[in-house]
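Undergrad: Sequence plus predicted model, see below.
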Protein chains: 2
Amino acid sequence: MSVTFEYTNAMSFMKSTEMDNFSEFVKSAHNQIHGQRGPGSDYLGWVNWPIEYDREEFERVKSAASRIQQQSDALIVIGIGGSYLGSKAAIEALSHTFHNQIDGNTEVYFAGQNISSIYIENLLHVLEGKDISINVISKSGTTTEPALAFRIFREFMEKKYGEEEARKRIYVTTDKTEGALRTLATEEGYETFVIPEDIGGRYSVLTPVGLLPIAVAGLDIDQMMAGAEASYHKYNNPDIATNGSYQYAAVRNIFNSKGKSIELLVTYEPGLHYVAEWWKQLFGESEGKDVKGLFPASVNFTTDLHSMGQYVQEGRRLFIETVLQIKKSPVERTIQADANNIDGLNFLTGKTMDEVNKMAALGTTLAHIDGDVPNLLIELDELNEYTFGELVYFFEKACAISGTLLGVNPFDQPGVETYKKNMFALLGKDGYEEERKQLEERLAEITKH
Amino acid sequence: MSVTFEYTNAMSFMKSTEMDNFSEFVKSAHNQIHGQRGPGSDYLGWVNWPIEYDREEFERVKSAASRIQQQSDALIVIGIGGSYLGSKAAIEALSHTFHNQIDGNTEVYFAGQNISSIYIENLLHVLEGKDISINVISKSGTTTEPALAFRIFREFMEKKYGEEEARKRIYVTTDKTEGALRTLATEEGYETFVIPEDIGGRYSVLTPVGLLPIAVAGLDIDQMMAGAEASYHKYNNPDIATNGSYQYAAVRNIFNSKGKSIELLVTYEPGLHYVAEWWKQLFGESEGKDVKGLFPASVNFTTDLHSMGQYVQEGRRLFIETVLQIKKSPVERTIQADANNIDGLNFLTGKTMDEVNKMAALGTTLAHIDGDVPNLLIELDELNEYTFGELVYFFEKACAISGTLLGVNPFDQPGVETYKKNMFALLGKDGYEEERKQLEERLAEITKH
């Protein structure tokens, strides 16, 4: 099994020498990342993680997952951003499309990923009568969304089960030693898992952050880590000629320099929607700074060929397109002849749905090339835990190299604080009195106009 | 109840005279649309639809919906593009977040919106043991995705119920007189509803295309049409000074001219995700042609503030941002004090979740303005069927005017055919032999490299 990258269908939009010209810079970026140097070097724990992760803790994750499956009908995962998208992506991609409705599955729901009263009320409603466990995931324990959700669910659990039993149903993934959530977990005696201090949220899916919910959903996290390890070895060489992850990093920068402004991640399986969302955070948060970076967007074809297809084919030429393709569908369905052939589709008789899906993909790629959209291709042999682990590491490595080539710190996210400061000021938090005064004056000024 | 538009928070990025300078062009566009003139004038049936729709058929939609609710546990809606996104948007926005899991609800599933074997297998699995009805929606009946799904479900139904009973459970929404699906429906005696010939797919949510599934989900389509009618009257005047829909159209064009390339639709309720998807089709397919148009993208905050927030705040300055805000949440939840206040959130005690959500929105808008993102605001007083109907017509009208101002035909989608031609050729469809030969030569050439 493997992940492969190719850019054959971008070659008519660039010279082959352009790639060669990047080889030394790629080596330099590789040396920065592997040498723990360069901007953001405190956050490089993910690089060797697939071979260095804590095996004892990994076994504890599996035990906890089994316990949750036995003790509960549903797990509520409380987290946002990197503490949400990784496990959501894996579960949506690899589990049953209607996972929570299938008998025998431990249901998995997410909370604390928004501040919607509608969402939380409906979530509490659907959970009525179910036995639940909670996995709250937050480095600090003070991020507004998950902290609010945890207040609600902790109270709910303590009412439903009493304090002692609730303690056995609350699992905490947080910083090793510091922060509000660590303090609370120690006081209450919750079982805890560690968010490594040198791995940022968007790089954390292969840590307990992602692995516990993924395991509870019934997926094989041993296979996932094995895939990541394979990818670690595969993309551990600095030579752009043989390193697909680095080729992807370089080619993104090439088209960025040529003036492209959007990278469109294209999938042909609806289950990959949240893989695209995870990818958008990874690249958008890593590169979208210093007024730089390709804007990451995604479409799910063929669904969106009937909505966004027109724009991609004939709108402004803003794009490169990266197709994330699954070579072999895990299920096959053969198209049957119809006696009357009123829909005219009998020419497909004997073909599988997946063959039609693949020809739609190929036909679309060729049409978009004709429409001046350079096309990149990432192929997974199959869609399973192993290739998911491979893909995650492929993207993580590519993103680190790509951001380094772009000249940004790929591991910080300074812009995320700006709105929070305003929000805290508007909500009257202590210490934000001056900001609040300024904002109120500004709002009065706006209203006057 | 009402929908309001304002662009106060874009004024620091434009002169007020710029809006004035558009007033005559807006009048001209209005006169083209209302005078049934200009490019695409065969597809203006939606303009007067809220006051002219067929009341007899509307009552039949409601009767059919009641019958489906009585006869079945679940409705399968088979359609793609405009035959999918409108009802999906309404149901996700207005129904219970976990609609299909709530006792007493008629479940609604979608099929034929992709060619995924995984999806169809899992859908058939979750439907095991349920009584089902089908609503197949296609103007021609030959669009690949829904036609394939209908083949599968028709066979499934006839096996499960026998031909006669299956006939009573299949509802067809199609062209009034022509096409494969109309022919089949007549032969089999299915109950049918009409896709008006002068209303394109992306404008069809308020026709039986959208209304039947929406009614089956238990929503009030009388209220929805009443909202649309209110909007029809409200946006029926050519004066930009008082017509919010036209202001939105003009301001989009102003920022397009200034070099912005992406419009980001921002929501703060997760249930609005598919409203954004519907909006993306409406604007992307209407304007994305002749190498023109703002690229429509969307984010759901605060969720995506923790993934795409960094890019929007500090990445390339590609955007305008349009916030779709709900003034009053239908449910409230008050934040309780916590004795220990370990998460430091006691300053929110007594506030509602929705107040926090609103302050997050305001804080984000101000932060993004500081980050050079012009901000537009569309506010719904409440989120219900009535305001949904209002909003749909607000956007439809704005899109028609905006596309007309942009100088494109807002009602065609020529680019959607390009990939289909390739796909049919690659799949060996009769009549595509020459295209197939050319594609095979081209693919051989690509592979050689």
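TA: Arrived safely.
Undergrad: contacts and neighbour counts: CA atoms only from here.
TA: Will do.
Undergrad: Go ahead and confirm A:Pro196 touches A:Leu44.
TA: No - the criterion here is Cα atoms under 8 Å, and A:Pro196 misses it with A:Leu44 at 10.4 Å.
Undergrad: if I pick the residue lying closest to A:Ile221 once chain neighbours are set aside, what's in contact with it?
TA: Once flanking residues are discounted, A:Ile221 sits nearest to A:Ala215: 6.2 Å by Cα to Cα, 6 or more residues apart in numbering or on different chains. Each residue near A:Ala215 by Cα atoms under 8 Å, 6 or more residues apart in numbering or on different chains is listed here: A:61-62, A:65, A:221.
Undergrad: Quick one: those residues as TSV, columns for distance to B:Leu282 and secondary structure too.
TA: Converted to TSV, the contacts of A:Ala215 look like this (distance: Cα to Cα, whole Å; DSSP: H, G, I helix; E, B strand; the rest coil):
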residue	distance to B:Leu282	secondary structure
A:Val61	46	helix
A:Lys62	46	helix
A:Ala65	44	helix
A:Ile221	41	helix
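Undergrad: then stretch A:134-153 to CSV, C-alphas only?
TA: Extracted C-alpha coordinates of stretch A:134-153, given in CSV (Å, rounded to 0.1, in the frame of the first residue of the first chain):
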residue,chain,number,x,y,z
ILE,A,134,-16.5,12.3,27.4
ASN,A,135,-13.1,13.0,25.9
VAL,A,136,-12.2,16.6,26.5
ILE,A,137,-9.2,17.8,24.5
SER,A,138,-7.5,21.1,25.1
LYS,A,139,-3.9,22.1,25.8
SER,A,140,-4.8,24.9,28.1
GLY,A,141,-8.4,24.1,29.2
THR,A,142,-9.3,27.7,28.8
THR,A,143,-10.2,27.9,25.1
THR,A,144,-13.7,29.4,25.1
GLU,A,145,-15.7,26.9,23.0
PRO,A,146,-14.5,23.6,24.5
ALA,A,147,-14.4,25.0,28.0
LEU,A,148,-18.0,26.1,27.7
ALA,A,149,-19.0,22.7,26.3
PHE,A,150,-17.1,20.9,29.1
ARG,A,151,-18.9,22.9,31.7
ILE,A,152,-22.2,21.8,30.3
PHE,A,153,-21.3,18.2,29.9
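Undergrad: ok so, going back, and the two most separated of the contacts of A:Ala215?
TA: A:Ala65 and A:Ile221 (10.7 Å; Cα to Cα).
Undergrad: And the strands in the stretch 301-449 of chain A?
TA: Along the stretch 301-449 of chain A, counting by DSSP state E, counting those that start in this stretch, strands occupy A:319-326, A:375-380.
Undergrad: Can you tell me the SS state at A:Phe110?
TA: Here A:Phe110 is recorded as strand under DSSP: H, G, I helix; E, B strand; the rest coil.
Undergrad: err, A:Tyr246, not the other one
TA: helix.
Undergrad: okay, it: pLDDT?
TA: pLDDT for A:Tyr246: 98.
Undergrad: Give me the number of neighbouring residues for it.
TA: By other Cα atoms under 10 Å in any protein chain shown, the residues close to A:Tyr246 number 32.
Undergrad: what's the spacing between it and A:Asp239?
TA: For A:Tyr246, the distance to A:Asp239 equals 8 Å [Cα to Cα, to the nearest Å].
Undergrad: Give me the common contacts of the two.
TA: A:Val26.
Undergrad: Would you mind listing what in the stretch 1-150 of chain A touches chain B?
TA: Taking Cα under 8 Å from any Cα of the partner chain as the contact definition, the stretch 1-150 of chain A meets chain B at A:8-9, A:80-82, A:96-98, A:101-102, A:113-119, A:121-123, A:126, A:141-142, A:144, A:147-148.
Undergrad: Which one of the strands of the stretch 301-449 of chain A lies nearest to B:Asp290?
TA: Of the strands of the stretch 301-449 of chain A, the one closest to B:Asp290 (Cα to Cα) turns out to be strand A:319-326, at 15.3 Å.
Undergrad: Mind giving me the packing neighbours of the closest one?
TA: Using 3 or more Cα pairs under 8 Å, 6 or more residues apart in numbering or on different chains; DSSP states H and E as the contact test, the elements touching strand A:319-326 are strand A:262-267, strand A:375-380.
Undergrad: from those, which stretch is densest packed?
TA: Among these, ranked by average contacts under mean count of other Cα atoms under 10 Å in any protein chain shown, first place goes to strand A:262-267 (a mean of 24).
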